[in-house]
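> sequence and predicted model, in that order:
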Amino acid sequence: MSAGLEKIRNIGIIAHIDAGKTTTTERMLYYTGKIHRIGEVHEGTATMDWMEQEQQRGITITAAATTCYFEDTVVNIIDTPGHVDFTMEVERSIRVLDGAVGVFCAVGGVEPQSETVWRQANKHKVPKMAYINKMDRVGADFFQVVNEIDEKLGSNPLVLQIPIGEEDKFEGIIDLISMKALYFDEEDFGHTYKSLEIPEEYRKNAELWREKILDCASNYDDDLMELVLEEQPVPEELIIKSIREATISDGIVPVFCGSSLKNKGVVTLLEGIVRFMPTPMDIEPVTVLVGNKNKEVKIEPDESKSLVGLIFKIASDSFVDRISYFRIYQGTLNKGDQLWNSRTEKVERIQKIFKMHANHRNEIDVAKAGDIVALAGLKNSFTGDTLSKKALPVQLESISFPEPVMSVAIEPKSNAEQEKLDKAMKKLELEDPTFRVSVDSETGQTIISGMGELHLEVLAQRLLKEFKVSANVGKPQVSYRECISEKVASVEEIYDRELPGTSGRQHGHVVLSLIPGKAGTGLVFESKVTFGDISKPNQLAIEDAALGSAGSGPVMGYPVTNIKVVLIGGKEIEKVSSDIGFKIAVGKAFRRGLEMGTPILLEPTMKMEMITPEEYMGDIIGDINSKRGVVVNISEKHKMKYIHAVVPLVNLFGYSTKIRSLSQGRATFTMEFDSYVRVPGQVFEKMMQKMMGLLDNSYK
């Protein structure tokens, strides 16, 4: 196993929007010599926000990867978006990373999207560090944010630094491991710092927090515990070693602080990443099955073994059409290698290998286990696919993405633009798994779907500007879902006839049961029929047909979800039954079952947080109630009211304008998808009347 793996850190920068992720990353790149001038988000010059729309809006839209070097360590960084509409960029980045740095605003604390990205990291068992940024801002409260990391995120924060002053009096930090006060040099933009004695007014508090470090660290190292019990001096190296073990096991979250914009604290954060974040060797090996042989193998970061890696992102590229971001878990990759895609069962040839720096490519010839690279030349491999040597046809766990909740109609301005629009949409579909394209069966309109207003706005502008498509874009519409409210014990269908263009008689006999599922369960298939009654290939065809029948429900034609489809009976006739016959029978049985199960309409609801001065709270709550929203909780922080509510998405179009109007521009809000819930009876009746043309266009 290569010793070089000990010098690799694969980390993601994750946080709520406007916590300072990209500003922090920009300083890291400067301190490591990757860039020679610090760009700023508010000026549109930040390195990692390279897209035109990111520069115009001052937010991160797409996850950007780069590689830099600090203290002879390779640090692969992915800077992720903080807006809820682009959560899928965080999901696919976290899937392939070994560690994550959560950036928190010292004023805002743990905000809604911070919770979301933290849960994503927890799901993939990614060790985490916390960096409390913006210590220079009015209202900054370091210890309050530490408490929120504990209470809201359910993590165990271990404070390794405390600030010297807050707000406009923030001067530097106290390192609780070395027990020194660190003051950052303004002349080199905080790249270096002076290490001085701790000011007397901070010493007592620093000693209290250091005691907590020693108490925690002693749980992970017997030698350290012995020194603590004997009240002997504890070497810094022993403390660092113990904290590293605790971090990698996800037992603690080391906490750092600073002000990235004022160039204070980022270089010590980099030191913390090298000290405490895992190497590829520290990650638990994954056990997978080889092909259909049911043989188990462990995938581990050994460059001498057969190559295995995962594609986690596709991006359009003007130079090579498209590039595929690839995390190598095992083996060595050479330019020109031929790799096997177990999902498509096709061979892919690696034409080029790149190390990426935002949108800049640096071509290399070889990449090894632990590396994150970009590949050119892949034809039939997409996000979530595993590539390996054909002799080791394995498939790693793929990446799951949320369903779109909002749609708009888009029409080319001329027939000549249709082909250009189709090509552009296909490219965006490859890039973004939460972007969907469909055609309305009644109107013939092209419908594009995404995760929210901003997501759709960005996608539409990319189509118009980046791909230069002349098209008209409609107003956003909610993507509803359909379900059943009652269990259907049994629905039987027998299909038996000659089909033109086939090999003759097609036969299929199935008996299904449909069971309403809990919110978020999607469509699930289960078979209770033995292979003696229906062979395994035909049962697979039945499952494929059942899951594929959910595209259009009986109520208003929306996709069907939250149903368990159970194959409880049926019969296969030798040399007569066919996969086509079974698929048609399943489709018919499924549609009848939906009608028998008292179908209902589901609407997406959003979890919201409104932050407002108290004098506007009543108006905002009244507006939420008028939108069929439910206020869940009201809290107070820094003399501001925090209103938590759940509101139907259909009533939130243009809400940013509304809340500004209600609060004279002083209130802000964030929201994220919560769940699909049943549309109330009266609202459903009005929707049906509108669909039937009985209401005018002013209905909302």
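Yep, it's here. Residues are numbered from 1 along each chain as shown.
> quick one: neighbours of Glu345, just the number.
11 (other CB atoms under 10 Å). Using the backbone N, CA and C atoms, a C-beta is placed for each residue, glycine as well.
> before we move on, what about Thr668?
16.
> how near is it to Ile299?
With distances taken as CB to CB, to the nearest Å, Thr668 is found 44 Å from Ile299.
> same check on Tyr325?
Taken as CB to CB, the span from Tyr325 to Ile299 is 18 Å.
> same thing with His507?
43 Å.
> who's more crowded, the two?
Shown here are His507 and Ile299; by other CB under 10 Å, Ile299 has more neighbours (23 against 20).
> what sits against the more buried one?
Pro285, Val286, Thr287, Val288, Val308, Tyr329, Gln330, Val394, Leu396 (CB atoms under 8 Å, 6 or more residues apart in numbering).
> where does the stretch 451-600 of the chain dip in pLDDT?
Within the stretch 451-600 of the chain, the segments meeting pLDDT under 70 span 499-503.
> strands of that one, start to end?
With strands called from DSSP state E, counting those that start in this stretch, the stretch 451-600 of the chain shows them at 471-473, 477-478, 481-484, 488-498, 505-516, 523-527, 563-571, 599-612.
> which one of the ones you listed lies nearest to Tyr193?
Closest of the strands of the stretch 451-600 of the chain to Tyr193 is strand 599-612, at 34.0 Å (criterion: CB to CB).
> strand partners of that closest one, parallel vs antiparallel please.
Strand 599-612 has the following sheet partners, assigned by DSSP bridges: strand 481-484 (antiparallel), strand 640-648 (antiparallel), strand 668-678 (antiparallel).
> quick one: the following helix or strand past the second one to strand 668-678, angle?
Heading C-terminal from strand 640-648, the first helix or strand you meet, by DSSP states H and E, is helix 655-663. With axes from the mean of the first three to the mean of the last three CA atoms, to 10 degrees as the criterion, the two stretches helix 655-663 and strand 668-678 enclose an angle of 120 degrees.
> give me the residues contacting helix 655-663.
Met610, Thr612, Pro613, Tyr616, Asp619, Ile620, Asp623, Ala667, Thr668, Phe669.
> so which of the residues you listed wins on neighbours?
Met610 (27 neighbours).
> if I pick that residue, what's in contact with it?
Ile620, Ile624, Tyr642, Ile643, Ala645, Ile659, Ala667, Thr668, Phe669.
> so for these, which is the shakiest by pLDDT?
Minimum pLDDT for those is recorded at Thr668 (79).
> quick one: that one and Met608 touch, right?
No. With contact defined as CB atoms under 8 Å, Thr668 does not count as touching Met608 (11.1 Å).
> isn't Val74 right up against Arg9?
Yes. Taking contacts as CB under 8 Å, Val74 lies within contact range of Arg9: 7.1 Å.
> of the two, which one has the most company?
Arg9 (22 against 17).
> beta-bridge partners for that one, please?
Val75.
> if we can go back for a sec, can you list the strands paired with strand 599-612 in a markdown table and add distance to Gly172?
A markdown table is the format used below for the strands paired with strand 599-612 (distance: least, CB to CB, whole Å):
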| stretch | distance to Gly172 |
| --- | --- |
| strand 481-484 | 53 |
| strand 640-648 | 28 |
| strand 668-678 | 30 |
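> which of those is buried the deepest?
Comparing these by mean neighbour count (mean count of other CB atoms under 10 Å), strand 481-484 comes out on top with a mean of 23.
> now the strands: where do they sit in the stretch 201-350 of the chain?
253-257, 286-290, 295-299, 308-317, 321-330, 332-334, 338-341, 346-349.
> so what strands line up beside the shortest one?
Read it as strand 332-334. Checking strand 332-334 against DSSP bridges gives partners strand 366-368 (antiparallel).
> pLDDT on the strand it pairs with, on average?
94.
> tell me what the helix or strand just after it is packed against?
Next in sequence after strand 366-368, counting helices and strands by DSSP H and E, comes strand 372-376. Other elements packing on strand 372-376 under the criterion 3 or more CB pairs under 8 Å, 6 or more residues apart in numbering; DSSP states H and E are strand 64-70, strand 308-317, strand 321-330, strand 352-357.
> got the angle between the following helix or strand past the last one and strand 352-357?
In the C-terminal direction, the helix or strand that comes right after strand 352-357 (DSSP H and E) is strand 360-364. For strand 360-364 against strand 352-357, the angle between stretch directions is 140 degrees (the same axes, to 10 degrees).
> tell me which strands and helices strand 360-364 is in contact with?
strand 352-357.
> what distance separates the strand it packs on from the middle of the whole chain?
Here strand 352-357 is found 23 Å from its chain centre; the criterion is CA atoms, centre = their mean, to the nearest Å.
> what mean pLDDT does that strand get?
On average, strand 352-357 scores 90.
> which residues sit against that strand?
Contacts of strand 352-357 (CB under 8 Å, 6+ apart): 34, 47, 64-67, 320, 323, 325, 333, 335, 361-367, 373-377.
> buried among these? Make that a ChimeraX selection.
Typed into ChimeraX, the line below selects the buried ones among the contacts of strand 352-357, using 16 or more other CB atoms under 10 Å:
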select :34,47,64,65,66,67,323,325,333,335,361,367,373,374,375,376,377
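> rewinding a little: give me the buried subset of the contacts of Ile299.
So, by 16+ other CB under 10 Å, the buried ones in the contacts of Ile299 are Val288, Val308, Tyr329, Gln330, Val394, Leu396.
> from memory the last one sits against Gln330, does it?
When you say that, I think you mean Leu396. No. Between Leu396 and Gln330 there is no contact under CB under 8 Å: 10.1 Å.
> just say which of the strands of the stretch 201-350 of the chain is most tucked in.
strand 253-257 (a mean of 26).
> what sits up against that one?
With CB under 8 Å, 6+ apart, strand 253-257 has contacts from 102, 106, 128-133, 135, 142, 146, 149, 155-163, 173, 243, 247, 265, 268-269, 272, 276.
> also stretch 452-469?
With CB under 8 Å, 6+ apart, stretch 452-469 has contacts from 52-53, 61, 83-86, 405-408, 410, 412, 417, 420-421, 423-425, 427-428, 432, 434-435, 448-450, 470-471, 473, 476, 653.
> just the ones in strands from these, please.
Among the contacts of stretch 452-469, the ones falling in strands (DSSP state E) are Met406, Ser407, Val408, Ile410, Pro412, Ile448, Ser449, Gly450, Ala471, Val473.
> and which of those residues is nearest Ala181?
Gly450 (48.6 Å).
> give the bridge partners for the closest one, please.
Met406.
> I'd say it and Glu429 touch.
No. Using CB under 8 Å, Gly450 is not in contact with Glu429, being 11.1 Å away.
> tell me, what's touching those two both at once?
Contacts common to Gly450 and Glu429, judged by CB under 8 Å, 6+ apart, are Phe435, Arg436.
> please say which of the two ends up with more neighbours.
Gly450 (27 against 16).
> for that one, what are its contacts?
Per CB under 8 Å, 6+ apart, neighbours of Gly450: Asp85, Pro404, Met406, Ser407, Asp432, Thr434, Phe435, Arg436, Leu456, Leu459.
> hmm, try it at 6 Å
Pro404, Phe435, Leu456, Leu459 (CB atoms under 6 Å, 6 or more residues apart in numbering).
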